[in-house]
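Undergrad: Okay, here's the prediction I keep looking at, along with the sequence it came from:
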Amino acid sequence: MWIYEKKLEYPIKIRTPNPRMAKVIITQYGGPDGELAASLRYLSQRFSMVTPEARATLNDIGTEELAHLEMVGTMVYQLVKGASIEEIKAAGLDPYYADHDRGVYPISAAGNPFTAAYIQSKGNPVVDLYENMAAEQKARATYEWLIDLADDPDVIDPLKFLRQREVVHFQRFGEALRIVQDYLDSRRHFPISKPEGMED
Amino acid sequence: MDIRREELLKQLSALDFTVIELNLYLNTHPRDRNALMKYNTAVEQAKMLRMEYERRYGPLTAYYSTSSYPWQWICNPWPWHYSFNFRLAGEEC
């Protein structure tokens, strides 16, 4: 089960609304390399994972991703909250406004709604951990492109925090993969070979 | 926002982050005694700060926390509200 704690993992306090920035940051909410996809991916894969280390890694990183989902949602919320209709139109956020007003809805930067097709849970521990290492790198790259697009320190600061978490998660998944591979390669049976000269 | 609350929340967030980071590290390094010691220390410190924060500013969970009357859990601000958070970037403003 989960218990909600009434605080963010890292603070978000954006003074200036910026619907243009909200339009792209929302991709880390409901986009292909976003936090919702990350969380669902790890929390689904953990059921069939092997080794205590890798199981716990999926469980706990999947949980941290939910805290990141909340952070990204908070950024989108604060970026559109004070924006006028004129600003929303000028930012090209009017199609979004038509469907969601200033609500937070899981879509990509290009407007595609969230889909589980973004993730995989293959039932094979090595396959899943490779997928996760790639996913962390894709998310890191996305945060870097978002930082390139941002000019407000109130926005850049939490994006840098989220980017850094992708780096740490990649490292932990790499360690988990090594542990799983060592486990799968280890000999768990006791062969009895025939001594020489006793082939018959 | 109340300066004292802001400072407490900042300290608690820093300690909780330390716990998260050590939790993930220990998952793949369960025999690192030094990291384990740091984890246990941070958890104890966070526990004390969390009690202090909740006593002053209300419940952080609707599970482990008690509430004064009336039920405090529903009170604003929520974490996504501007007023809930402290600022790290551009602190000079």
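TA: Nice, I can see it.
Undergrad: Any idea which residue of chain A lies closest to chain B?
TA: Across chain A, no residue is closer to chain B than residue A:157, which sits at 3.5 Å (C-beta to the nearest C-beta). C-betas here are computed from N, CA, C, even on glycine.
Undergrad: my read: that residue touches residue B:88, true?
TA: Yes: using C-beta atoms under 8 Å, residue A:157 makes contact with residue B:88 at a distance of 5.8 Å.
Undergrad: neighbour count winner among those two?
TA: A side-by-side neighbour count of residue A:157 and residue B:88, using other C-beta atoms under 10 Å in any protein chain shown, places residue A:157 first with 20 against 17.
Undergrad: circling back to that earlier point, which of the helices or strands spans the residue of chain A closest to chain B?
TA: Assigned by DSSP states H and E, residue A:157 belongs to helix A:153-185.
Undergrad: just checking, what packs against that helix?
TA: helix A:19-25, helix A:52-81, helix A:125-149, helix B:3-28 (3 or more C-beta pairs under 8 Å, 6 or more residues apart in numbering or on different chains; DSSP states H and E).
Undergrad: Check the offset of that helix from the chain's centre.
TA: Distance of helix A:153-185 from the chain centroid (C-alpha atoms, centre = their mean, to the nearest Å) equals 10 Å.
Undergrad: just stretch B:27-46 next, same as before
TA: With C-alpha atoms, centre = their mean, you get 17 Å for stretch B:27-46.
Undergrad: hang on, the earlier thing: of the helices and strands packed on helix A:153-185, which is nearest residue A:164?
TA: Nearest of those to residue A:164, taken as C-beta to C-beta: helix A:125-149 at 8.8 Å.
Undergrad: Can you list phi and psi of the residue lying closest to residue A:108 once chain neighbours are set aside for me?
TA: With C-beta to C-beta, 6 or more residues apart in numbering or on different chains as the criterion, residue A:108 has its nearest non-adjacent residue at 3.6 Å, and that residue is residue A:31. Backbone torsions of residue A:31, given as degrees, to the nearest 10, read phi -90, psi -180.
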